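got a structure for you, letters missing:
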DNA sequence: TCCGTCATGTAATATGTTACATGATTAG
DNA sequence: CTAATCATGTAACATATTACATGACGGA
């Protein structure tokens, strides 16, 4: 395997919904995969070019839109089957809280409140999206998987809210 | 602000527990901050040198151990007070599950089982560490903050377990 | 003596973002 | 007409990992 790029997988995956421009690929990744994935232009255009050179993607004639080829679909399956790259753990919020004695209790409380409120907003968003999926019967076979990723967001947000509230209570009992 | 590096913060933070070698800084970050932070040698040694040149760290005479200076402590507070850098979202597991129709239901089930089992193991580890904190009275003033970061791990692991089980049940109902 | 760990470091490589340039097309 | 959006792209920069080199030191 030359390069097991998850960026390749995200771009090829986006193209399984139909041919589109690089600009639209970026918009799809931002709007559809946004809560668990991101790519910048600086990645997407070079990736599309390299996919085209490998014959995994070609450009539709009239409008120049990128379309996934049959071998592109094979490659996507191969990439999705490969083990996920382990991202190095890097949680700036927890880093700050771990050194909370240095940072001070009031600043830590503010961080927790902010994290809780952001999680509440996300929760609302996930529930709105979930309601929207039911109204799109044309994607019935994909909907269960979309619900699974939304479920991850929902459970994660709920966990963040519960954790932040528990931690705020614990800090109350300190001076 | 020249550079609001979270790596600087992690290294300076590690040194607040006492002077140590670069090797030991790396071990401390791996063993103590491991569940939410990581740094490699390739980052730590250059960082220590640049911190030394800025007078935020100096080398203790007999053994050459790195020690945080008074201005290093100021700088740490400044770094911890800065907003956390938003890491680009990149969850390889969710990327695979989102395109679960391409990947196939059996492979998705396997991913979910693996995620659930890993979360269970982590949960055990967090609980063991939490039990250990109580037995170290010399760090009483830091213990509440350590418990907060452990709580994040515990809630996150519980959320992952609940999500994976819910998702596995949902996939059962599909063909 | 030999192995494992401690210790310091660097070069090559990978990855990715940001900011900018450029121009077409479309909506108001 | 003009502003916004669509569209393609790149150069500079930032960040980080991996793999390797080097050597000391202590214990079996």
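Happy to help now that I have it. In this text the structure is predicted, and so the values were computed from the model without any measurement.

may I see the buried residues of stretch A:34-54?
A:35, A:36, A:37, A:38, A:39, A:43, A:44, A:47, A:48, A:50, A:51 (16 or more other Cβ atoms under 10 Å in any protein chain shown). Placement of C-beta: from N, CA and C, glycine included.

for the residue nearest to the spatial centre of chain A, give me its contacts.
Centroid-nearest residue in chain A: residue A:36, 1.7 Å away (criterion: Cα atoms, centre = their mean). Listed by Cβ atoms under 8 Å, 6 or more residues apart in numbering or on different chains, the contact set of residue A:36 reads A:149, A:152, A:153, B:89, B:90, B:91, B:94, B:95, B:98.

what's the lowest-pLDDT member of those?
Among the contacts of residue A:36, residue B:89 has the lowest pLDDT, at 89.

doesn't residue A:39 make contact with it?
No - judged on Cβ atoms under 8 Å, residue B:89 makes no contact with residue A:39 at a distance of 10.3 Å.

enumerate the residues of chain A near DNA strand D.
A:21-24, A:27, A:41-42, A:45-46, A:48-49, A:64-66, A:88, A:90 (Cβ under 7 Å from any atom of the strand).

among the contacts of residue A:36, which two are most distant?
Farthest apart among the contacts of residue A:36 by Cβ to Cβ are A:153 and B:90. That separation is 14.5 Å.

chain A: strands as residue ranges?
With strands called from DSSP state E, chain A shows them at A:57-59, A:66-68.

from residue B:151, how far out is the closest residue in space to residue A:116 that isn't next to it in sequence?
Distances taken as Cβ to Cβ, 6 or more residues apart in numbering or on different chains place residue A:164 nearest to residue A:116, at 3.7 Å, with adjacent residues excluded. As judged by Cβ to Cβ, to the nearest Å, residue A:164 and residue B:151 stand 9 Å apart.

before we move on, what about residue A:158?
Taken as Cβ to Cβ, the span from residue A:158 to residue B:151 is 14 Å.

again, but for residue A:139
38 Å.

so for the two, which sits in the more crowded spot?
Shown here are residue A:139 and residue B:151; by other Cβ atoms under 10 Å in any protein chain shown, residue B:151 has more neighbours (20 against 12).

residue contacts, the nearest residue to that one once chain neighbours are set aside?
Leaving aside its sequence neighbours, residue B:151 sits nearest to residue A:163 (Cβ to Cβ, 6+ apart; 5.4 Å). Residues in contact with residue A:163 (Cβ under 8 Å, 6+ apart) are B:151, B:152, B:154, B:155, B:156.

give me the pLDDT for the last one.
So the one you mean is residue B:156. So residue B:156 comes in at 97 (pLDDT).

ok, for it, nearest residue in space, not its chain neighbours?
Using Cβ to Cβ, 6+ apart, the nearest residue to residue B:156 is residue A:159, at 5.7 Å.

hang on, that neighbour packs against residue B:161?
No - with contacts counted by Cβ under 8 Å, residue A:159 stays clear of residue B:161, the gap being 10.5 Å.

who's more crowded, those two?
Legend: neighbour count by other Cβ under 10 Å for residue A:159 and residue B:161, higher for residue A:159 (22 against 19).

need the pLDDT of the more buried one.
pLDDT at residue A:159 comes out at 98.

now do residue A:3
For residue A:3, pLDDT reads 44.

same thing with residue A:135?
Residue A:135 carries a pLDDT value of 78.

how about the one 3 residues further on?
Here, the pLDDT recorded for residue A:138 equals 74.

check the gap between it and residue A:34 for me.
To residue A:34, residue A:138 is 21 Å away according to Cβ to Cβ.

so, low pLDDT: which residues of chain A?
A:1-4, A:175 (pLDDT under 70).

mind running it again at 90?
Low-confidence segments of chain A (pLDDT under 90): A:1-5, A:60-64, A:84-89, A:131-141, A:173-175.

residues of it that sit close to DNA strand C?
A:3, A:5, A:6, A:7, A:38, A:39, A:40, A:41, A:42, A:43.

how many other residues sit next to the fourth one?
Neighbour count of residue A:7, defined by other Cβ under 10 Å: 20.

hmm, it is touching residue A:47, no?
Yes - counting by Cβ under 8 Å, residue A:7 touches residue A:47, with 5.4 Å between them.

what touches both of the two?
residue A:39.

residue of chain A nearest DNA strand C, please.
Proximity of chain A to DNA strand C (Cβ to the nearest atom of the strand) peaks at residue A:42, 2.7 Å away.
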